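A.B. asks: Here you go, sequence then predicted model.
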Amino acid sequence: MPRISSAGLGSGLDVPNLVEQLVAAEGDPIRSRLDRKEVTIQEGLSAIGTFKGALLDFQSSLTPLRKADAFNSIVATSSNEDKFSVVASNESVTGSYDVEITQLAQSQKLKSKTFSSELDSIGSGSISIQFGTYNADTETFVVNSTRLLKQIEISPENNSLRDIQETINQSDAGVRASIVNDGTGYIMVLNAEKSGLENSMRISITDSDNNDTDMQGLSQLAYNPAAKADEITGEIIGKNFQQTTAAKNALISFNDIEISSSENVVSNSIPGVTLTLKNLTENTKETLSINKNLDGVKNSIKTFVASYNELINTVTVLTGYDPESGTSGPLSGDSSIRGIIDQIRRRLSTSFNGINQKLTSLSSIGIDSSRDGTLRLDEFKLARALDNNAGEIKHLFSAAVSTTNKKISVSSEKLPTINGVFDIKLTQIPAKGQLSGLVNTTSYPMIFSGNEGSFDLSLDNAFTGTINVPAGRYNSGIELAGVLQSSINNNQSFMRNKATVTVNHVNNAFEITSDTLGSESAVSIVSINETLSTLLGLVSGSGTTGKDLKATVNAEDITGKGNKLHLEGALDGIVLEASGGKTGDRGELVVTNGIAAILDDLTDSFLENQGLLDNRIDGYNLRIKDIDKQRDDLVRKLEGTEERYLKQFSNLDAMLSKMRSTSNFLAEKLSSLPGSGRK
C-alpha cells in the first residue's frame, strides 16, 4: 500500500526562519516610519542649531556698536617721539598744538657732611620730613598740604648712619636714603621720590641732646632751607645738608602758552591729553595732533550689515521653498523663527526723532532694506555722516547716557529702557562744611615751642581728634596753615576714617574746610587751649554745615547725597555728579537705547538659558526621546510576538511530527495485511 505523505509537513518545518520573517513583516514598517520621523526631527534640530549659530554671530557684531565709547575714538600723535609721547582719551578735542619743552622736572637731592664711619653712632631722637616749596626770594618754605608730615623715630640701639639709612627707607616717607664713600668718608644722600618745586624737603630734628639744629648728634641731619644766617657769626644753623640737585618743575608751552608741571607726565593742561616729556626741544617746536579715528566705527557698521544679511540668508535657506527641486527647508512653516526675525526687523526701523536733529534712522546714514529682506549699505553716505555727525550716529546704535553740560558728569548703574532728552535744573549747589577763625593779630614769624597746648577737632559729625601744633618757626600764615592741615590729616582717628580737611589762611584768619561734600560735612572745635586759641584765632564752636546737591530732572525734585544725584522713576539707575557752577538751568540729560543695544538685549533674550531657542531644542530632543521610547516598546512587543509565534509553530511542528509518526505506523500495518502485495 502506498505511503501516506504530506510534503513540507512534520518535523521538516523551518520554524525559526518562518517566525523571523513573520516578526520582520510586522516590525519593519513601524521601524521605517520611526526612522523617517527621526531624520526629519534631526534635520529640524540641526537647523535650529544653525540658526542659533547665525544669531550668535549677529549678536557678536552688535557688541562694539552698543558701547558709546566706540564712537568717540581719538588718536593723538607726536611729531617727535624722542621728545615727548602722547595719549588722548575720548574726552579730548581734536586740534593741533605747537609744543616746546624748555625744562624737565627733577627731584631734589641733598648730601650730608662726611662721616668717618657708617657704623659709628650718630645720635637718637626723631626725624620729621615735610615737603613744600622753598622761595629763595622771600626765604620762606610753604608746606605742600597734599603730602603728610612723616615722623621717624631713631632709637639709641639703632642710630648709626647705616641704621638711619635703613629706617628712613623703611618708613615710606617719600625719600630714598643712600650712603656713598667718596674716598674721604661716608656721606648720606637723600633723594626725594617725587619731582617738582612743591616736593622740596624740609627735615626737622628732635635731638636727644636737646639741641635740634647744631652739628652734634642727630641734628647733624637737620635741613631747613629757610634757615637764616646768624647776625653776629654769619653761621647758618639748622641747614646741615647741602643741596646737590634742586627740585624743578617741567616747563612746557602749548601754542606759546607756558605751563609748569611738577612731573614730566603732564595730564591737566589739555583736557583728555597726557604727555610724557622725554627731552628738551632745544629752541625748536614740535607738533601735537589730535584727530578722530572713526575707521573702527565704519568697519563695525559694515560688519553689522554683513552679519545681518548672513542671518537673513540662513533663515531663507532654513525656512524657504525651492521650486526647482520641490523641497522645503527643515524649518519651513516654523512660526517661532519667523517671529524672531520679525522682531529684529521691527527694531531696525526705530526712529530717533526728538533725540537726533539730522540722523533719525538707519536710512539717514545709508542703511536701507532690500526687497529680499537684506540690508544694503551706502558707504559714501555713511562716511559723510561719520565726518559730520558722529555724535548722532552714537545715539543711533549705542546704549548711552550723557549731558550737554561739561560740569554735570553722568554715570549709569543701569540704563533705563526709555529714550529721551530731559531738562536739568539745579536748585542747590553742594557745599562743604567749614569753620572760620577770628582775625589773627599775632605777628609773624610765629614761634611755637610745642608747649602751647592742643585743640580737639570734630569732623563730619562723626570723628574727633586731638591736634598739636609742631614746634617750629612759621614765617607766614600760609606756612602755618599748611602745618595745621598736615597735623589734622595726620591724626590717627581721621586717617583711620579717611577724613581730611583743607586749611587756608584768608584775610588773616584760618579757615578749616572738610574735604567731604554734603549735609554730613561739618567742622567744629570741641575744645581749645586758651594760649593756642589766642595764637591761632580759633575758638570753640561749630562752623557752617555742608549742603547736598538738589535738582529738578524730568519734572522730578530730587535731593542727592554730597554732589551726587541718584535719579528716580523712569530714569532710575542714572547718577548725576555736579562740579562747580551755579543754580538754574544746566543743560540736558540725553538717554538713548540705540539699535545695537536694543537688538543685543533682544537676541540675548532668545539665546539665554531656557529661552525661546533652548525651549525649541528641548522640544526636538523630547521628540527624539519619544521615538527612542517607541522603538523600545516595539522591541518588547516584537519579542512577545516572536515568543508567541515560536510557541504556536512549535506546537504545530510537534503535532505534524506526531501525525507523521501515526501515518508511518498505519502504512506499516496496512502493508502487512493479506493481499496487500497485489496491485
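C.D. replies: Cool, got the structure.

A.B. asks: which parts of stretch 351-365 are buried?
C.D. replies: 352, 355-356, 359-362, 364-365 (16 or more other CB atoms under 10 Å). In this view, the C-beta of every residue, glycine as well, is placed from N, C-alpha and C.

A.B. asks: repeat for stretch 551-560
C.D. replies: 551, 553-554, 558, 560.

A.B. asks: Contacts for the lowest-mean-pLDDT helix or strand in the chain next, please.
C.D. replies: When each helix and strand of the chain is scored by mean pLDDT, DSSP states H and E, strand 321-322 comes last, with a mean of 74. Residues from elsewhere that reach strand 321-322 (CB atoms under 8 Å, 6 or more residues apart in numbering): 327-329, 332.

A.B. asks: and what of stretch 519-530?
C.D. replies: Contacts of stretch 519-530 (CB under 8 Å, 6+ apart): 431-435, 452-462, 464, 501, 512-514, 536, 538-543, 545-548, 562.

A.B. asks: Of the residues you listed, select the buried ones using a ChimeraX command.
C.D. replies: One line in ChimeraX is enough to select the buried members of the contacts of stretch 519-530, burial here meaning 16+ other CB under 10 Å:
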select :431,432,433,434,435,452,455,457,458,459,460,461,501,512,513,514,536,538,543,545,546,547,548,562
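
A.B. asks: quick one, strands of the stretch 1-150 of the chain?
C.D. replies: Assignment of strands within the stretch 1-150 of the chain using DSSP state E, counting those that start in this stretch yields the ranges 74-78, 84-88, 95-103, 109-115, 125-135, 140-143, 150-154.

A.B. asks: What about the contacts of stretch 519-530, which are in strands?
C.D. replies: Of the contacts of stretch 519-530, the ones assigned to strands by DSSP state E are 432-435, 454-459, 464, 501, 512-514, 541-542.

A.B. asks: Just give me the neighbour total for F665.
C.D. replies: 10 (other CB atoms under 10 Å).

A.B. asks: scratch that, S195 is what I was asking about
C.D. replies: Quick note: S195 (other CB under 10 Å) scores 21 neighbours.

A.B. asks: how about S128, what does it touch?
C.D. replies: Contacts of S128 by CB under 8 Å, 6+ apart are 149-152, 203-206, 470.

A.B. asks: The strand or helix carrying I290: what's the following helix or strand?
C.D. replies: If you go by DSSP states H and E, I290 is part of strand 286-292. Following strand 286-292 in sequence order, the next helix or strand is helix 295-319 (DSSP H and E).

A.B. asks: got the angle between that next one and strand 74-78?
C.D. replies: Per axes from the mean of the first three to the mean of the last three CA atoms, to 10 degrees, the angle that helix 295-319 makes with strand 74-78 is 140 degrees.

A.B. asks: what packs against helix 295-319?
C.D. replies: helix 15-66, helix 335-348, strand 375-377, helix 379-397 (3 or more CB pairs under 8 Å, 6 or more residues apart in numbering; DSSP states H and E).

A.B. asks: So for S661, which of these sits nearest?
C.D. replies: helix 15-66 (18.0 Å; CB to CB).

A.B. asks: mean confidence for that closest one?
C.D. replies: Taken as a whole, helix 15-66 carries a mean pLDDT of 83.

A.B. asks: How far does it sit from its chain's centre?
C.D. replies: 45 Å (CA atoms, centre = their mean, to the nearest Å).

A.B. asks: Grab the nearest non-local neighbour of G562.
C.D. replies: G518 (3.5 Å; CB to CB, 6 or more residues apart in numbering).

A.B. asks: From what I see, that neighbour and P430 are in contact.
C.D. replies: Yes - G518 sits in contact with P430 when judged by CB atoms under 8 Å, with a separation of 6.0 Å.

A.B. asks: between those two, what contacts are shared?
C.D. replies: 546-549, 560, 562-563.

A.B. asks: Can I get stretch 423-434 in PDB? Just the C-alpha atoms.
C.D. replies: The C-alpha coordinates for stretch 423-434 follow below in PDB (Å, rounded to 0.1, in the frame of the first residue of the first chain):
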ATOM      1  CA  ASP A 423      16.000 119.200  31.300                       C
ATOM      2  CA  ILE A 424      18.400 119.500  34.200                       C
ATOM      3  CA  LYS A 425      17.800 122.400  36.700                       C
ATOM      4  CA  LEU A 426      20.000 122.700  39.800                       C
ATOM      5  CA  THR A 427      18.200 124.100  42.800                       C
ATOM      6  CA  GLN A 428      21.000 123.800  45.300                       C
ATOM      7  CA  ILE A 429      24.800 123.600  44.800                       C
ATOM      8  CA  PRO A 430      26.600 121.100  47.000                       C
ATOM      9  CA  ALA A 431      28.900 122.600  49.600                       C
ATOM     10  CA  LYS A 432      31.500 121.500  52.200                       C
ATOM     11  CA  GLY A 433      31.300 122.200  55.900                       C
ATOM     12  CA  GLN A 434      33.700 125.000  57.000                       C
END
